[in-house]
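Participant: Sequence first, then the predicted structure, then my questions.
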Amino acid sequence: MRARMAGGDAGYSYGEYFADKREKQRRQDEAARGFASRGGIFAGLVVYVNGYTRPWDRLKLHAEIVKHGGEFCHYMSGKRQVTHIIASNLTLKKFVEFRNYKVVSAQWVVDSIQRGRLLPWQDYRVEGQGDDQQKLDLKALRATSTTDCNGPDFITNYFSNSRLHLLSSWKAKLYREALIRFQKGAVHLPQGNDTLTVFHIDFDSFFAITAYLYRPIEYRDCEFDKDPIVVCHGKHNSDIASCNYVARGYGVKNGMWVREAEKLMPGGVHLVKLPYCFKQFRDTSDLFYKILIEEFKDEFGGLVYPISIDELLAVIVNCKLDTAQLCERIRQRVFEQTQGCSVSIGVAGTRIGARLALKLAKPNGYKLWPSPQEDDTAFLDKLVPSDIPGLGPSLLSRLHASYPQVKTLLQLRGLTLKQLQTPLGEKVGEKTFYRLRGQDDPESLKLLYEPETVLQRKTISVDINWAIRFRTIEQVDTFMDRCATFILEDNPEVLTAQVTLKIMQRCADAPLEPTKYLGMGRCNALSQSSNLGLPTRDPGVIITELHSLFRKVNCLPGDVRGVGVSLSKLTSVGRTVGHAVGPLRNQPTLPFLQSTRTPNSTTTTTPVENSRKRCVSPLKTLRINEENDSRSQATTEYQEQFLSELPTQIRREINREQAIKRKVESTKLDKIRADAQKRQKAQDTCKDHFLGQDSLFEPIKFQGCSRFKDICKLINKWIDQTACESKGPHPRDVKLFRRYLVKLAASNRTHLLLQIANLISLNLNLKASDSDKEVVDATRSGLQEWDNILLHTVVKILNENKTTFQRERKVKIEFDI
DNA sequence: CGCTGGATTCAG
DNA sequence: CATCGCTGAATCCAGCG
């Protein structure tokens, strides 16, 4: 509207006028650039000039940039992808506005043209100007940037820059894809008496070569075969993700800090530090697998098993081909199609043989391991103990402590099985014993013979141990919520029955800020887990559990340096066979734990499924209320919602056997009391960590228990005992229970209250569906009594504390969007 | 003795 | 400016009934 008024000519707006002007200018630039200078030093750059500049002004800059192949941009429109901004000085406001751009002085253009190549822009970076107060404000504004773990986008942003997350998540992806390939059938798996030829194929310094091939223009001068090259984020305490073989020649190793690597450089040798290029890592890996899966399988009938982003096993059953020739062919194809990445290959009749042969083949070669009949001592002699898979730094040091004289691999092979097992443990000792003899153990053969079992994930988790800094417990809670949400969104099909929280706690004597920027420093790893009883993917249930677990580990928020959330005892919400996440090992026999069918099919919905859905629902109801119209929701309506989910209405399922089992298992109330007293005694003598002076909360006791988990167990036992009797719970016990709940509410621990409500609801649902038709009458009053307690005591107290409850929930809801 | 939960170790 | 120290599995071990 404003544009139309301003423009003199009706129908020709400001926007259109400038669009025309820009287009005209672009055509002029194109012409000025001419044919000869196409591809000049600024090719691919789009430059914007902000304000007054020197030594060249805007006009001169425009002319020169265009002349040398760059594009000139007159306006910072959001759509245009400006790569560089030229300015002499910036107000802080502008600096903030341009913080995601490369802001350089005009001198950068002058010098680049003079030197005939694009100089590193970082050397000409322009900073913002302002007084200290302004700078302080600015600092606060940056603090909320991508390295603030309390920001909403932290996890995503962190992971998109983490090589280790790339490795893990990529492996998960490869496993999923391979699982589908194997489940599709039509794959001829090896049989017990087949002869295998195993090809272990691996890129030579994958990240380094890829980062080199796709390096930014300012690094164009380095050479992969001459210069020591590493991939890293920073310049001092940054991990080296990958280094080329030239760097390895100077003693550089993956995982080393850049500062250490620099120290290894002889005088005059410059260590080239390339930035990551995550997209190309992924694309190159995709291409690698594509080449091997399609071409290799189609031509030679090979099976492909994933190992990692840059590594795989290819297996041919009863192979009659020339393996050396095959290796050359594979290597050549990968090299050509990736335009410069070399892979090495180890070949053997066993996995371990192929693995060891690969060690000898690297870099840029292939090696055939001798057959079992041949002598392998010459091969083993070229390897070192750390080349044996499974022997890492810790176990090697244990070995060294036990046998200081044993240095070489052959000496290691000289040890007996017993001698290996003493320092390494029974299993690892045995595996090592066989590996030293070129033999596979059943464990590692499982991937080849039963891939579906191995490729199936049994736990899923998120771990973040960098940039973790909290001040308040609310921040910890929020962060755990985000972790849980991240996992659930990443695994849309899974249900979990166990959640584990791992906290990295700063060692008491470790400095508040470690050497590494935002690193975790020296820490204790603390973990706690909790069984949920029934598989669920309700964020509310999982989040509440995590809050409770964090309080249990008893770590001050300020000392948290890492957070890990892990879900285990997984099942699938799955529909049919062939799903990525299927039912897993040792499934409990309760009908609830079996995968359900498509939920919206009314004709096939059984009472069992009904009750399962209801089991998880009370919390959901609460959530929906809160999210939709929490303010206007009347208490009565709120209770009605809850009431509609109560088990009395679904007490239709007949399961005599389970009802009997439960009765047999249920214990006497006296025994429960005795247990509680015993625990009380134990607590009086031995100070529980939860009761320590540093405890975040004053402990609240119920029946002599203060640990929330014990209390939950106690409540379950109490229900087990009294719900199936005609009398129901004793009024005095109910009174005590009520008193406990009120205390919980009064101390703002609404999440625990919620957990108890959920726990009782789950238990009652279970009872209701277990009840035999004949005992319904006898059990009705006990169950009804418990329904009453749930509704009129637990939920009532929840309602009375809705304000705190909402405050607590509100934080969570933000992340559910 | 077998089971469970927590800690440690490794690989890539 | 730093900097992006993940994740799943196997194993071990203490404590329990």
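Facilitator: Perfect, thanks for sending it.
Participant: drop to CA atoms for contacts and neighbour counts, all remaining ones
Facilitator: Noted.
Participant: in what helix or strand does the closest residue to residue A:518 other than its chain neighbours lie?
Facilitator: Closest residue to residue A:518 apart from its sequence neighbours, by C-alpha to C-alpha, 6 or more residues apart in numbering: residue A:467 at 4.6 Å. For residue A:467, there is no helix or strand it lies in under DSSP states H and E.
Participant: in terms of contact, does residue A:467 touch residue A:514 like I think?
Facilitator: No - using C-alpha atoms under 8 Å, residue A:467 is not in contact with residue A:514; the gap is 11.1 Å.
Participant: quick one, which of the two is more surrounded?
Facilitator: Shown here are residue A:467 and residue A:514; by other C-alpha atoms under 10 Å, residue A:467 has more neighbours (19 against 13).
Participant: phi, psi of that one?
Facilitator: The phi and psi torsions at residue A:467 (degrees, to the nearest 10) take the values phi 70, psi 20.
Participant: And it, how far from residue A:352?
Facilitator: 38 Å (C-alpha to C-alpha, to the nearest Å).
Participant: ok so, going back, who touches both of residue A:467 and residue A:514?
Facilitator: Here residue A:467 and residue A:514 have residue A:520 as joint contacts, going by C-alpha atoms under 8 Å, 6 or more residues apart in numbering.
Participant: In contact with whichever residue of the stretch 301-450 of chain A sits closest to DNA strand C: list those residues for me.
Facilitator: Nearest to DNA strand C in the stretch 301-450 of chain A, going by C-alpha to the nearest atom of the strand, is residue A:425, at a distance of 3.3 Å. Contact analysis of residue A:425 by C-alpha under 8 Å, 6+ apart lists nothing.
Participant: Low-confidence stretches in the stretch 201-350 of chain A?
Facilitator: Counting by pLDDT under 70, the stretch 201-350 of chain A contains no low-confidence range.
Participant: ok, which residues in it are in contact with DNA strand C?
Facilitator: The stretch 201-350 of chain A comes close to DNA strand C at residues A:232-239, A:241, as judged by C-alpha under 7 Å from any atom of the strand.
Participant: For those residues, which single residue is the most surrounded?
Facilitator: residue A:232 (26 neighbours).
Participant: If you drop the residues flanking it in sequence, what lies closest to that residue?
Facilitator: Spatial nearest neighbour of residue A:232, chain neighbours left out: residue A:240 (5.1 Å); criterion: C-alpha to C-alpha, 6+ apart.
Participant: Which secondary structure state does residue A:756 sit in?
Facilitator: Of the three states, residue A:756 takes helix according to DSSP: H, G, I helix; E, B strand; the rest coil.
Participant: I'd like to know how many residues surround the residue of the stretch 351-500 of chain A found nearest DNA strand B.
Facilitator: Residue of the stretch 351-500 of chain A nearest DNA strand B, by C-alpha to the nearest atom of the strand: residue A:392 (3.0 Å). Residue A:392 has 12 neighbouring residues, counting by other C-alpha under 10 Å.
Participant: Same question for residue A:314.
Facilitator: Residue A:314, neighbours per other C-alpha under 10 Å, totals 21.
Participant: Isn't it up against residue A:303?
Facilitator: Yes - using C-alpha under 8 Å, residue A:314 makes contact with residue A:303 at a distance of 5.5 Å.
Participant: Which parts of the helix or strand residue A:401 falls within count as buried, going by neighbours?
Facilitator: Taking DSSP H and E as the definition, residue A:401 sits inside helix A:393-402. Using 16 or more other C-alpha atoms under 10 Å as the test for burial, helix A:393-402 gives A:395-396, A:399.
Participant: so does that helix get close to DNA strand C?
Facilitator: No - residues of helix A:393-402 are not located near DNA strand C by C-alpha under 7 Å from any atom of the strand, the shortest gap being 10.3 Å.
Participant: Run through the residues of the stretch 451-600 of chain A sitting next to DNA strand C.
Facilitator: Contact residues (C-alpha under 7 Å from any atom of the strand) of the stretch 451-600 of chain A with DNA strand C: A:454-466, A:514-521, A:566.
Participant: ok, of these, which come out buried?
Facilitator: For those, buried by 16+ other C-alpha under 10 Å: A:454-458, A:460-466, A:518-521, A:566.
Participant: Those residues in helices, which ones?
Facilitator: A:454-455 (DSSP state H).
Participant: isn't residue A:167 right next to residue A:308, touching?
Facilitator: Yes - assessed by C-alpha under 8 Å, residue A:167 is found in contact with residue A:308 at 6.9 Å.
Participant: Quick check on residue A:721: phi, psi?
Facilitator: phi -70, psi -40.
Participant: That one and residue A:727, how far apart?
Facilitator: Going from residue A:721 to residue A:727 by C-alpha to C-alpha gives 11 Å.
Participant: Looking at the two, which one has more neighbours?
Facilitator: Legend: neighbour count by other C-alpha under 10 Å for residue A:721 and residue A:727, higher for residue A:721 (21 against 15).
Participant: Was I right to think residue A:760 contacts residue A:716?
Facilitator: Yes - using C-alpha under 8 Å as the test, residue A:760 is close enough to residue A:716 to be in contact (7.3 Å).
Participant: so how far is DNA strand B from residue A:315?
Facilitator: Counting by C-alpha to the nearest atom of the strand, to the nearest Å, the separation of residue A:315 from DNA strand B is 16 Å.
Participant: That residue is in what secondary structure piece?
Facilitator: Here residue A:315 is assigned to strand A:311-317, by DSSP H and E.
Participant: Domains in chain A, by residue range?
Facilitator: With domains defined by automatic domain parsing, chain A comprises A:34-139, A:215-276, A:457-605, A:608-816.
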